[in-house]
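>>> predicted coordinates and the sequence they were generated for:
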Amino acid sequence: QSKQLGKNRCQFYSSDMQETARRRVQLEAELRVAIERREFVLYYQPIIDAGSGHVTGAEALVRWQHPLRGRVSPDEFIAIAEDTGMIVPIGAWVLDEALRQANEWLAQGLPELRLAVNVSGVQFREQGLLELIAQAARKPGFERIQLVLEITESVLMQSSDATEALMREIGKLGINYSLDDFGTGYSSLSYLKRFPVDHVKIDRSFVSDCLDDVNDALLVEAIINMAHSLGLNVTAEGVETESQREFLSARRCDFLQGYLISPPLPADEFRSFVLRSRATRSLDAQAPNS
Ligand code: C2E
Ligand code: MG
Ligand code: MG
Ligand code: MG
């Protein structure tokens with residue numbers, strides 16, 4: 001009987017895996033079409049200064065608006081795009097679109113913001129990245145946009161001298177780097193010294209447990225202190241509760257990002273968010289007893 005159970009379980013798993021594999025093959029084919037049809041859209045998640053609460057920037061996050069499946073999460077399609085190399089044209093579109101949008105916001109009177117764009121390690125191993133960014137940097141208005149490239153630890157860990165040189169070349173164009181999902185990889189402090197990174201983002205898994213788990217609390221504290229002693233700024237991602245915000249602010253985390261502040265927003269809603277938060281602040285400032 002147990003043998004039969006085992007067999008059934010085996011069949012269950014294999015059909016499950018087949019289903020996953022099938023969806024993947026389908027998504028891969030559909031992703032090619034999506035690039036031609038431009039089925040992508042960028043959302044922007046506000047990032048605030050932990051001390052003042054001012055919006056200082058945004059992270060651009062890509063969304064795939066599939067005509068039949070609805071929205072496909074980046075957690076599902078970015079990996080496929082990386083494996084197939086399609087992340088290169090997608091990443092080029094993301095960069096272009098984010099900069100176009102930032103220019104539009106500036107024209108509409110929004111203050112200058114730091115604009116963070118995620119860049120995959122695959123893009124860093126491609127020749128075209130420097131030229132892509134150099135081209136973007138030649139466009140009018142670029143000097144008013146503080147472009148930040150978010151890279152993960154794995155980019156640094158797998159990187160060659162060539163990657164390091166590429167990062168420095170791109171850095172000369174006035175672009176900063178932020179180390180994303182910090183703490184989840186196994187990079188060492190030496191990476192932070194060796195590469196031209198000026199910012200770390202504490203992974204949300206540590207932030208979400210920092211009030212319940214002593215180890216996570218200590219880790220968050222250690223990352224903030226270590227980053228500061230190396231002269232780097234720190235953003236906490238995935239801030240969802242007021243107590244997390246207090247915990248992070250009390251430990252001098254520089255910037256906050258998460259659902260507590262705002263989820264990622266379509267461009268026009270991001271713009272309203274910034275305007276609204278500025279209006280609220282000036283009202284606060286005018287209120288007699290606040
Ligand atoms: P990431 O760069 O670490 O982005 C942060 C993710 O956390 C986003 O997920 C965001 O929506 C989510 N998030 C923000 N605040 C909260 C919160 O308070 N709670 C929770 N539970 N989640 C929060 P999203 O947009 O689904 O993106 C997932 C990942 O996909 C990103 O992680 C990034 O690695 C990748 N990605 C997104 N857009 C791009 C892109 O344009 N290019 C590349 N290469 N990767 C991208
Ligand atoms: Mg990111
Ligand atoms: Mg992150
Ligand atoms: Mg992440």
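Arrived safely. Residues are numbered from 1 along each chain as shown. Ligands and ions are numbered 1, 2, ... in the order given.
>>> for the residue of the stretch 151-290 of the chain found nearest ligand 2, which three-state class applies?
Residue nearest to ligand 2 within the stretch 151-290 of the chain: D180 (4.3 Å; Cβ to the ion). From N, CA and C alone the C-beta is placed, and that goes for glycine too. Look at D180: counting by DSSP: H, G, I helix; E, B strand; the rest coil, its state is strand.
>>> likewise the one 5 residues further on?
Following three-state DSSP, G185 is assigned to coil.
>>> give me the beta-bridge partners of the residue of the stretch 151-290 of the chain closest to ligand 2?
Under DSSP bridges, the beta-bridge partners of D180 are T152.
>>> I figured it hits S120, correct?
No - assessed by Cβ atoms under 8 Å, D180 is found out of contact with S120, at 10.7 Å.
>>> give me the more crowded residue out of the two.
Using other Cβ atoms under 10 Å, the more surrounded residue of D180 and S120 is D180, with 25 against 21.
>>> next up, the contacts around the more buried one.
118, 150-152, 201 (Cβ atoms under 8 Å, 6 or more residues apart in numbering).
>>> ok, now with 10 Å
Contacts for D180 (Cβ atoms under 10 Å, 6 or more residues apart in numbering) come out as 59, 116, 118-119, 149-155, 199-203, 235, 237.
>>> the nearest residue to A81 once chain neighbours are set aside and A79, how far apart?
Using Cβ to Cβ, 6 or more residues apart in numbering and skipping the chain neighbours, the partner closest in space to A81 is I87 (4.0 Å). With the distance defined as Cβ to Cβ, to the nearest Å, I87 ends up 9 Å from A79.
>>> quick check, central residue of the protein?
N118 (5.0 Å; Cα atoms, centre = their mean).
>>> what's the helix or strand for the residue in the stretch 1-150 of the chain that ligand 2 sits nearest to?
Closest to ligand 2 within the stretch 1-150 of the chain is E150: 4.0 Å, counting by Cβ to the ion. E150 belongs to strand 146-152 when elements are defined using DSSP states H and E.
>>> got phi/psi on the residue nearest to A81?
The phi/psi pair for I87 (degrees, to the nearest 10) reads phi -60, psi -20.
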